[in-house]
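Engineer: Need a 3D model of the following:
(chains A and B)
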Number of protein chains: 2
Amino acid sequence: MTAQPDQNPANAERIIISVDAMGGDNGPSVVVSGIAKSAEKNPDIGFILHGPTEILRPLVAKRSGLKGRVEYRDTPDVVAMEDKPSHVMRNGKSTSMWSTLESVRNGEAQGAVSCGNTGALMALSVIRLRKLPGVNRPAIAILFPSRNPQGFNVMLDAGADIRADPQDLLQYALMGASYARNGLDLKRPRIGLLNVGTEEHKGRAELKEAQTLIARFADQASFEFVGFVEGSDIPGNAADVIVTDGFTGNVAIKTGEGTASMIAGLLREAFQYSFLSRLASVLAITSLGRLKKRIDPRRVNGGIFLGLNGTVVKSHGSADATGVSAAVKLAFRLARSGFSEKLAARVASTVELAQDAVEPPPDRAEQQEDEGRI
Amino acid sequence: MTAQPDQNPANAERIIISVDAMGGDNGPSVVVSGIAKSAEKNPDIGFILHGPTEILRPLVAKRSGLKGRVEYRDTPDVVAMEDKPSHVMRNGKSTSMWSTLESVRNGEAQGAVSCGNTGALMALSVIRLRKLPGVNRPAIAILFPSRNPQGFNVMLDAGADIRADPQDLLQYALMGASYARNGLDLKRPRIGLLNVGTEEHKGRAELKEAQTLIARFADQASFEFVGFVEGSDIPGNAADVIVTDGFTGNVAIKTGEGTASMIAGLLREAFQYSFLSRLASVLAITSLGRLKKRIDPRRVNGGIFLGLNGTVVKSHGSADATGVSAAVKLAFRLARSGFSEKLAARVASTVELAQDAVEPPPDRAEQQEDEGRI
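Structural biologist: The predicted structure follows:
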């Protein structure tokens, strides 16, 4: 983990992104291609690259656009996808992932990107960067293609923690609103709380408590609370930010991705069925290409970790160069907007009030009678 | 709720389906169209129709195929979509939904179909039909379009109860396996337990317990247990039956449906973009029609309630005639196969063994340490 600057990327104007070159499914060459793409498009970005220098240096040398833009941190070890977070927390000091976060921690970089093991990355982020004051459970926010004008909904928690109590859900709402404001330019984002129905009597008791709590903070935190939303609203237009626990969020995202990929496969098969359908598919290429671009997951690659002292973007493990570049762009954009500091201020301003505000919802007896039912 | 048989549908060979004509989004005329469709295709089916007779009789009279196939039960009231289950349980005796279940309870019909309020239908089914011995929580099983050879996965619980403990999840596995055997003709269905990752250390503690429990009963109950599956496997080909709690299941289904409908909308827009794309869409009509048919939710309309003394099929509230007919077909098929009795025998044979088998999984300390992480 010794510094080996071979050029000087420390342009005073530049925003430096700390990138874990290892741990993705496609190896470091894809990561280097990705940062090269970003470097070409964006002169204001520099990189600190973490991994075995003898592997990374030749990959970077091939990309003229990266000349003078990359520093290295030589790390011998890699966090594998199957490594348990608890193991990595105890034994991960020599890994590229640990080192990537270290550069954010010590202020060398303004944001981090990794394609590696999500659970390990979150666990290390929590112990190394620390949670923001008042945040109990950090969350992962992702963008989900939707029928919104902006084309995407923010959804959190996408899988940082399988649990969330009403206080956590309130914090997710606050953090999600901040992210939608800074990441999607929505002045007054609409927040929805994911449940099994939109009626007030439905769902788990903690969701009813969270509903009451979030509603109270809507004005102060400049969002509109639309109340309960359903799974169909994740790709819909009822809300801009969908708040849920990480278990439900993770299942929902993967179900949506799986459904989209099933349909894409069936669409391909349908168009290969006959001569006429193959002809149609040739004519339809532009239309289908437009559709594909609209919902291409690579365009919105990157779950953002919210609730930490520092910006960490988790790229999809199987991301290609376009995906890595999108994750870098997100980290850059948030770093430049001072998002992390704004978020910290927002959470700090509400946390004490929220703790005072917790009280059981009204009509508890009847709610409990119904709460098993959907 | 007096019997008013105007013809005699009681052919000895016929299977009688009890149908709630009221409570759907589209009114009784769609329900009557649906049962007329079924009657045309299937000479072995008869109906008991529940609702205000003065409304139903003229609708039925217009359908010559229903002549001699329908009995009426005159009920003045309707369960509304927004009625709370607890309210309906106390005050619902004069509703068409209550009466529909009554015909199954007293043996006049071999199965029930309703498009009404799901929560109320489940609540009434539990108090009127009673749970099977050994079943703690009945479940709703649905068919989800998938990349399986059979084209569909069974998924349960789709929303009967927001909670499920390891014993419940075991029963869902047993009931889902029975349903896949009788409903999809799969001799040895593959069962998967929904989680946030397929690694053994991931997810909630109760899921790890359920995993151990379900694995023990695989041979005895003639299914293959594939272990943990993820949201992407619901439309995938890793399992034939996806087991989860009703909260997660409900969110997953609605997310999948919402994603499919978003893609369909975008596809339409993409094809309307230019002259060339409109031309392509004309040529592609057959291909797209094939795809639409493959994943048409109306073809698999009907959540089946499992774990009760009797077959109850919940049709989608917004079902059209094709959807209602599909739900009737499902009820008919299951009634004819003696599914309800087979399921009862299967659950009874395992429930005692299962209760003995519950013990904490090994390596509890380390699991707890990790269990918050995904």
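Engineer: so what's residue A:241 up against?
Structural biologist: By Cβ atoms under 8 Å, 6 or more residues apart in numbering or on different chains, residue A:241 lies in contact with A:153-156, A:173, A:176-177, A:179-180, A:189-192, A:223. C-betas here are computed from N, CA, C, even on glycine.
Engineer: And the buried ones among those residues, selectable in ChimeraX?
Structural biologist: Command for ChimeraX, covering only those of the contacts of residue A:241 found buried under the criterion 16 or more other Cβ atoms under 10 Å in any protein chain shown:
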select /A:153,154,155,156,173,176,177,179,180,189,190,191,192,223
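Engineer: In a markdown table: the contacts of residue A:241, plus secondary structure, pLDDT and distance to chain B.
Structural biologist: Output for the contacts of residue A:241, formatted as a markdown table (DSSP: H, G, I helix; E, B strand; the rest coil; pLDDT from 0 to 100; distance: Cβ to the nearest Cβ, whole Å):
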| residue | secondary structure | pLDDT | distance to chain B |
| --- | --- | --- | --- |
| A:153 | strand | 93 | 11 |
| A:154 | strand | 95 | 15 |
| A:155 | strand | 96 | 10 |
| A:156 | strand | 95 | 13 |
| A:173 | helix | 96 | 18 |
| A:176 | helix | 95 | 17 |
| A:177 | helix | 94 | 21 |
| A:179 | helix | 91 | 19 |
| A:180 | helix | 92 | 19 |
| A:189 | coil | 96 | 19 |
| A:190 | strand | 97 | 16 |
| A:191 | strand | 98 | 17 |
| A:192 | strand | 98 | 12 |
| A:223 | coil | 95 | 22 |
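Engineer: Under the pLDDT cut-off, which ranges of the stretch 251-374 of chain A? List them.
Structural biologist: For the stretch 251-374 of chain A, the stretches with pLDDT under 70 are A:273-274, A:276-277, A:280-281, A:283-284, A:290-291, A:294-301, A:351-374.
Engineer: Check it for the residue nearest chain B and tell me.
Structural biologist: residue A:254 (3.0 Å; Cβ to the nearest Cβ).
Engineer: Only the buried residues of the helix or strand containing that residue, if you could.
Structural biologist: Element membership for residue A:254 (DSSP states H and E) is helix A:246-271. With burial defined by 16+ other Cβ under 10 Å, the residues of helix A:246-271 counted as buried are A:246-260, A:262-263, A:266-267, A:270-271.
Engineer: from the chain's centre, how far out does it sit?
Structural biologist: For helix A:246-271, the separation from the chain centroid amounts to 19 Å (computed by Cα atoms, centre = their mean, to the nearest Å).
Engineer: Name the residues of the stretch 101-250 of chain A found near chain B, please.
Structural biologist: A:118-119, A:122-123, A:145-147, A:159-163, A:194, A:196, A:199, A:201-204, A:230-236, A:244, A:246-248, A:250 (Cβ under 8 Å from any Cβ of the partner chain).
Engineer: ok, so of the contacts of residue A:241, who is nearest residue A:107?
Structural biologist: Nearest to residue A:107 among these: residue A:179, at 22.5 Å, using Cβ to Cβ.
Engineer: That closest one is in contact with residue A:303, isn't it?
Structural biologist: No. Counting by Cβ atoms under 8 Å, residue A:179 stays clear of residue A:303, with 11.0 Å between them.
Engineer: Mutual contacts of these two, please.
Structural biologist: Common neighbours of residue A:179 and residue A:303, using Cβ under 8 Å, 6+ apart, are residue A:141.
Engineer: any idea which element residue A:112 lies in?
Structural biologist: Per DSSP H and E, residue A:112 falls inside strand A:111-114.
Engineer: Following the chain past that strand, name the next helix or strand.
Structural biologist: In N-to-C order, the element after strand A:111-114 by DSSP H and E is helix A:118-129.
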